[in-house]
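Asks: sequence plus the predicted model coming up.
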Amino acid sequence: MNIIDIIENKKHGCILSESEIKFFIEGVTKGTIEDYQISALLMAIYFQGMNLEETILMTKYMAESGKMLDLSEISNNITDKHSTGGVGDKITLIFLPLMAAAGLYTAKLSGRGLGHTGGTIDKLESIPNFKTNLSIEEFKNKVKFHKTAIAAQTPDLAPADGKLYALRDVTSTVDIIPLIASSVVSKKIASGANHIILDVKYGNGAFIKTPEEAQKLSEIMVQTGKSLNRNICAVISAMNQPLGRAIGNSLEVIEVIEFLKGNIEWDLKELTYTLCKKALEKSGRKETDKYLDELIESGKALEKFKELIEAQNGDSSVINDYNKFPSASIKYEIKAVKSGFISNIEALKIAKACKNLGAGREKKTDKIDYSAGVYLTKRYSEAVKKGETISVIYTNKKEAIKEAENLILSAYKISDEKPSKSNIIYKIID
Ligand code: URA
């Protein structure tokens, strides 16, 4: 077998056989296939697609390309949650303590952000001393004793994905459903949890733009996961406006703490509770919103967040003293240019502003400013008067303020009529 024949087959729209897919993924992992040949096959797949069978096989061999975590000594009832990424997306940090308080095991390996704002690992690293680089043994022990742990994904899990993703990134072959599905699901399979809850987003602040595309991706990921013996489902939600009020690393962790103290934003609740109820259902439990409310009202979920921080060496005094977080030297208020009701806040523009303020990175090696970001004082459907503060910029980059202000002002739409509250959940694929 040789790679040129495989490229030739896909170029002409043939279905790749199991042995061809195995040969390709092994060659990618061992470095025996040249980058330009891998890229050529990726582009052929981009134009010719892959059917479900090919996607499942690609996922299986990608998952098996490195270490496969075995969590069975802890439990056969462990949940993982994965978001396709959004603006102000701090859902994982609410989900984990809530589920630990409910008695569920969750094991979460997560990435750093390469988009406009930080990823979950970056957010956690805004907590002084929080350790995210855990060895597999440390990770497993923490899950065992604290019901939950979160660590930075190591490159030895699904290494074929690391190689393929890096090439897709520079050959414009990221946005194709079978490759996204095999990339996401292979990492989840290698991470060892039996139950997988996918949080799939669509909209201007997500890399999938329409609900129809999000549904297609979700269906393929769920079918792929099920074929590989995982109890998996996908919750599809809108990402046209930022989630919650805070965007930026430490600002988002503070919003998480506020949520766990009972100061709850409606959209964070809608999405987190939906994901939590699906996770509990996968473990054979049917629970209500009231049950989750009680975990918050009783302080149990906040207590679990404190335990998670301490278990990973972090300074848990941040929970009661927000001054312990890195703080920005500049706090700049943006004022409404007219009176009315907020009828939209475009997520992508807010995300771009955050990146310019220092909250995100352009390349892997860029350093993040944990204190930078935007706080939305006024949100969707809220009334505003001309001259009132609609949002606050936090930054250490004076030179970035003007452009960020323009972006934020153009992201806000203010209308005369109060818009009706809308739900953000679109569909659940199970
Ligand atoms: N996230 C992933 O992990 N892989 C993709 O291909 C796209 C988004």
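Replies: Nice, I can see it.
Asks: CA atoms for contacts and neighbours, from now on please.
Replies: Noted.
Asks: how many other residues sit next to the residue nearest to K367 when sequence neighbours are not counted?
Replies: Excluding the flanking residues, the one nearest K367 by CA to CA, 6 or more residues apart in numbering is R361, at 6.8 Å. The local packing of R361 (other CA atoms under 10 Å) involves 20 other residues.
Asks: correct me if wrong: R361 contacts T117.
Replies: Yes. Taking contacts as CA atoms under 8 Å, R361 lies within contact range of T117: 7.1 Å.
Asks: what about the strands in the stretch 101-250 of the chain?
Replies: Per DSSP state E, counting those that start in this stretch, the stretch 101-250 of the chain carries strands over the ranges 105-110, 148-152, 195-202, 231-238, 246-247.
Asks: okay if I get those strands as CSV plus distance to M50 and mean pLDDT?
Replies: Formatted as CSV, the strands of the stretch 101-250 of the chain follow (distance: least, CA to CA, whole Å; pLDDT from 0 to 100):
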stretch, distance to M50, mean pLDDT
strand 105-110, 27, 94
strand 148-152, 30, 95
strand 195-202, 21, 97
strand 231-238, 21, 98
strand 246-247, 36, 98
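Asks: ranking those strands by burial, who's on top?
Replies: strand 246-247 (a mean of 28; mean count of other CA atoms under 10 Å).
Asks: now do the same contact list for A383.
Replies: 339-342, 418 (CA atoms under 8 Å, 6 or more residues apart in numbering).
Asks: sort out which of the residues you listed are buried, if you could.
Replies: 340-342 (16 or more other CA atoms under 10 Å).
Asks: give me the number of residues near the residue of the stretch 151-300 of the chain found nearest the ligand?
Replies: Closest approach between the stretch 151-300 of the chain and the ligand, counting by CA to the nearest ligand atom: I180, at 3.5 Å. Residues lying near I180 (other CA under 10 Å) number 19.
Asks: burial of the closest residue to it other than its chain neighbours, as a residue count?
Replies: Leaving out its chain neighbours, the residue that sits closest to I180 by CA to CA, 6+ apart is V174, at 7.0 Å. V174 has 20 neighbouring residues, counting by other CA under 10 Å.
Asks: contact residues of the chain facing the ligand?
Replies: Counting by CA under 6 Å from any ligand atom, the chain comes close to the ligand at 84, 174, 179-180, 183-184.
Asks: please redo it, this time with the cut-off set to 5 Å
Replies: Counting by CA under 5 Å from any ligand atom, the residues of the chain close to the ligand are 180, 183-184.
Asks: could I get the residues you listed as a markdown table with pLDDT?
Replies: What follows is these, written out as a markdown table (pLDDT from 0 to 100):
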| residue | pLDDT |
| --- | --- |
| I180 | 94 |
| S183 | 94 |
| V184 | 94 |
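Asks: okay, the residue lying closest to G299 once chain neighbours are set aside and S250: tell me how far apart.
Replies: Closest residue in space to G299, ignoring its immediate chain neighbours: K261 at 7.0 Å, by CA to CA, 6+ apart. Separation of K261 from S250 (CA to CA, to the nearest Å) stands at 17 Å.
Asks: start to end distance for stretch 377-385?
Replies: First-to-last distance for stretch 377-385 - CA to CA - comes to 13 Å.
Asks: tell me where the stretch 251-400 of the chain has helices.
Replies: Using DSSP state H, counting those that start in this stretch, the helices of the stretch 251-400 of the chain run over 266-282, 289-297, 300-311, 347-357.
Asks: from S126, how far out is the residue in the stretch 1-150 of the chain that the ligand sits nearest to?
Replies: Ranked by CA to the nearest ligand atom, the top residue of the stretch 1-150 of the chain for proximity to the ligand is T84, at 5.9 Å. Distance, T84 to S126, using CA to CA: 22 Å.
Asks: try G192
Replies: G192 sits 27 Å away from S126, going by CA to CA.
Asks: for K352, same thing?
Replies: Taking CA to CA, one finds K352 at 20 Å from S126.
Asks: quick one: terminal-to-terminal distance for stretch 371-388?
Replies: End-to-end distance (CA to CA), stretch 371-388: 24 Å.
Asks: OK, contacts around the residue nearest to I180?
Replies: 165, 168, 180.
Asks: any idea how far S126 lies from T120?
Replies: 10 Å.
Asks: compare T84 and S126 (neighbour count), which wins?
Replies: S126 (23 against 15).
Asks: now list whatever residues contact both of R361 and T117.
Replies: Shared contacts of R361 and T117, counting by CA under 8 Å, 6+ apart, come down to K355.
Asks: picking up where we left off before, pick the most deeply packed of the helices of the stretch 251-400 of the chain.
Replies: Among these, helix 347-357 has the highest mean neighbour count (mean count of other CA under 10 Å), at a mean of 26.
Asks: need the contact partners of that one.
Replies: So helix 347-357 is contacted by 87, 116-117, 204-205, 239-242, 247-248, 360-361, 372-374, 394-397, 400-401, 403-405, 407-408, 410-411 (CA under 8 Å, 6+ apart).
Asks: now swap in stretch 387-400 and tell me
Replies: By CA under 8 Å, 6+ apart, stretch 387-400 touches 328-338, 356-358, 371-379, 384, 401.
Asks: who are the contact partners of A102?
Replies: L295.
Asks: check the gap between it and I197 for me.
Replies: Taking CA to CA, one finds A102 at 16 Å from I197.
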